[in-house]
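>>> What follows is a predicted protein model with its sequence.
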Amino acid sequence: MSVVTTVRGEEELFARTAHLFATASEITCAARDLNTWAATRRAPDSLVQETEPKMRKLYQSGMLLHPPTAQHVHTAAAHGAQVRVTQDDINETVIIDRRFAILAGDLSEGRRSYGVVTEAAVVQNIQSLFDAAWRSATELAVYRAQHADLTTLAPQVMELLASGCKDESAARTLGLGVRTYRRRVAELMTALGAESRFQAGVRARELGLI
């Protein structure tokens, strides 16, 4: 028997897992954007818990460059979730009570596939990978303090990059030195998990930043 059940689309995922979220005491989540787990944030009134589960949320740093997304992340922290930020590539995963895991798959024809894992040994391995990524990540408040300038300038820097503006002209527009501007571009690429400016543009579009 397969230890992974594959489902297609958010509606099927929600139909199969809503009861798990509604009764969970602990949920851990790793995500690159908010759309991946949109279905898991909905629950009919009949399944809403009286007591919120313990939450750990690991987000890729590029999410904090988009103001509405950043606000969602900050709201989650304000409501008691433990939130950390990583600049590493992460496997998009939800783990419920250390007993069930959901792995996000690829998009096809507008629908994402998800793997629902129930085999204890496999779930434990997935949990171990999450815990390792969590340990190496940065607490949200610390990350915000370290990258305040980048978060503020990111929208303008991305617009200038998308326009094809030369570094010297872009730096003047922002009132920065060329070296400082290029450092901000490098920081932005790191936050987006990109190895080139072109890749940064692709990633920014995927996140809805430009």
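Received, thanks. Note that the structure is a prediction, hence the values are computed from the model and not measured.
>>> Please count neighbours and contacts with C-alpha atoms only from this point.
Fine.
>>> mind listing what's buried in the strand or helix carrying residue 72?
Assigned by DSSP states H and E, residue 72 falls within helix 67-78. Neighbour counts over helix 67-78 (16 or more other C-alpha atoms under 10 Å) mark 69-70, 73-74, 76-77 as buried.
>>> Please save the CA atoms from the helix or strand residue 144 falls within in PDB.
Per DSSP H and E, residue 144 falls inside helix 140-146. Provided in PDB are the C-alpha atoms of helix 140-146 (Å, rounded to 0.1, in the frame of the first residue of the first chain):
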ATOM      1  CA  LEU A 140      10.900  37.100  12.300                       C
ATOM      2  CA  ALA A 141      11.700  40.100  14.600                       C
ATOM      3  CA  VAL A 142      15.400  39.600  14.200                       C
ATOM      4  CA  TYR A 143      15.200  39.300  10.400                       C
ATOM      5  CA  ARG A 144      13.000  42.400  10.100                       C
ATOM      6  CA  ALA A 145      15.600  44.400  12.100                       C
ATOM      7  CA  GLN A 146      18.500  43.100  10.000                       C
END
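>>> Tell me which other helices or strands that helix touches.
Applying 3 or more C-alpha pairs under 8 Å, 6 or more residues apart in numbering; DSSP states H and E, we find helix 140-146 packed against strand 82-86.
>>> which neighbours does the strand it packs on have in its sheet, and in what orientation?
Sheet partners assigned to strand 82-86 using DSSP bridges are listed as strand 54-60 (parallel), strand 138-139 (antiparallel).
>>> which helices and strands sit right next to the very next helix or strand once past that strand?
Downstream of strand 82-86, the first helix or strand assigned by DSSP H and E is strand 93-96. In terms of contacts (3+ C-alpha pairs under 8 Å, 6+ apart), strand 93-96 is packed against strand 26-31, strand 100-108.
>>> buried ones in the helix holding residue 144?
140, 143.
>>> quick one: average pLDDT of whichever helix or strand comes after that helix?
Sequence-wise, the next helix or strand downstream of helix 140-146 (DSSP H and E) is helix 148-163. What helix 148-163 shows for mean pLDDT is 80.
>>> got it, and stretch 104-124?
For stretch 104-124, mean pLDDT rounds to 87.
>>> what do you get for stretch 136-145?
92.
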